[in-house]
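*Asks:* Any chance you can model this:
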Amino acid sequence: MLFSHPLNCLQKELQLPQLSSIDGLVVTDPSSWNFFVAYLQQEDLDIRSLSHLKIVASGHHTIKTIKEAGIRLYDQINDFAEENFVKRMREQDGNWIILTSDIKEKAVAEVLSFPTHTTHSVAFESESFAYHAEDIQLICLPNSAAAYHFVLMAEKTQENWKEKPIVIMGDNTRSVLEKKLAIIS
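*Replies:* Have a look, this model is predicted:
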């Protein structure tokens with residue numbers, strides 16, 4: 001079973017501070033960016049009026065989504081917990097905020113001290129996953145986002161995941177699993 005994307009993202013009511021008072025924005029996933037853009041439209045704000053805003057993207061798909069929208073990034077990183085990135089962000093002056101999903105909120109707060117705004121909840125079809133859990137013979141986790149999704153679903157089942165082979169691509173993905181779920185021996 002390949003974990004990559006949730007089945008549904010449920011938008012939360014986004015209440016941000018006055019954006020003219022914000023110096024920087026850290027976006028941890030593509031859905032958070034999309035919900036931010038929807039927020040701008042709802043508030044009748046033009047992103048061009050926010051030229052002072054430094055935008056930082058975390059994750060390959062987030063970087064791609066924001067760049068495809070024609071936005072120039074101030075900084076980018078594949079994993080927000082990467083040590084040099086955390087150090088660079090802690091050295092930032094001004095007023096910064098983070099936009100993230102509910103499943104990443106706690107992990108982001110552990111490494112970055114900026115105010116965090118949850119843009120959406122991640123919903124899965126847990127019954128289907130639980131029903132098929134015993135038939136799963138191999139789990140492939142290509143990135144840290146997939147690991148977060150897997151952990152969320154694994155917590156809802158009674159399956160012993162230590163008995164299943166898990167293909168982990170990258171140290172960041174392994175780190176997520178080690179921190180969130182004791183399934184790696």
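*Asks:* quick one: least confident helix or strand in this protein?
*Replies:* helix 126-132 (a mean of 59; mean pLDDT, DSSP states H and E).
*Asks:* Spell out the residue ranges of the strands in the chain.
*Replies:* Taking DSSP state E as the criterion, the chain carries its strands at 8-11, 24-27, 54-58, 75-77, 96-101, 116-123, 139-141, 166-168.
*Asks:* what's the most buried one of these?
*Replies:* Highest mean neighbour count among the strands of the chain (mean count of other C-beta atoms under 10 Å): strand 24-27, with a mean of 25. Just so you know, the C-beta spots here come from the backbone N, C-alpha and C atoms, and that holds for glycine as well.
*Asks:* helices or strands next to it in the packing?
*Replies:* Judged by 3 or more C-beta pairs under 8 Å, 6 or more residues apart in numbering; DSSP states H and E, strand 24-27 is in contact with helix 30-42, strand 54-58, strand 96-101.
*Asks:* re earlier: of the strands of the chain, which is nearest Ala154?
*Replies:* Nearest to Ala154 among these is strand 139-141; the distance by C-beta to C-beta comes to 9.1 Å.
*Asks:* State the number of residues packed around His60.
*Replies:* The local packing of His60 (other C-beta atoms under 10 Å) involves 16 other residues.
*Asks:* excluding its backbone neighbours, what's nearest it?
*Replies:* Closest residue to His60 apart from its sequence neighbours, by C-beta to C-beta, 6 or more residues apart in numbering: Asn78 at 6.0 Å.
*Asks:* quick one, which of the strands of the chain is nearest to Val176?
*Replies:* Taking C-beta to C-beta as the criterion, Val176 comes closest to strand 139-141 out of these, the separation being 8.4 Å.
*Asks:* Can you name every helix or strand that the closest one contacts?
*Replies:* So strand 139-141, by 3+ C-beta pairs under 8 Å, 6+ apart, packs with helix 144-154, strand 166-168.
*Asks:* could you give the mean pLDDT of that strand?
*Replies:* With pLDDT averaged residue by residue, strand 139-141 scores 83.
*Asks:* just how off-centre is that strand within its chain?
*Replies:* Its chain's C-alpha centre and that of strand 139-141 lie 18 Å apart, by C-alpha atoms, centre = their mean, to the nearest Å.
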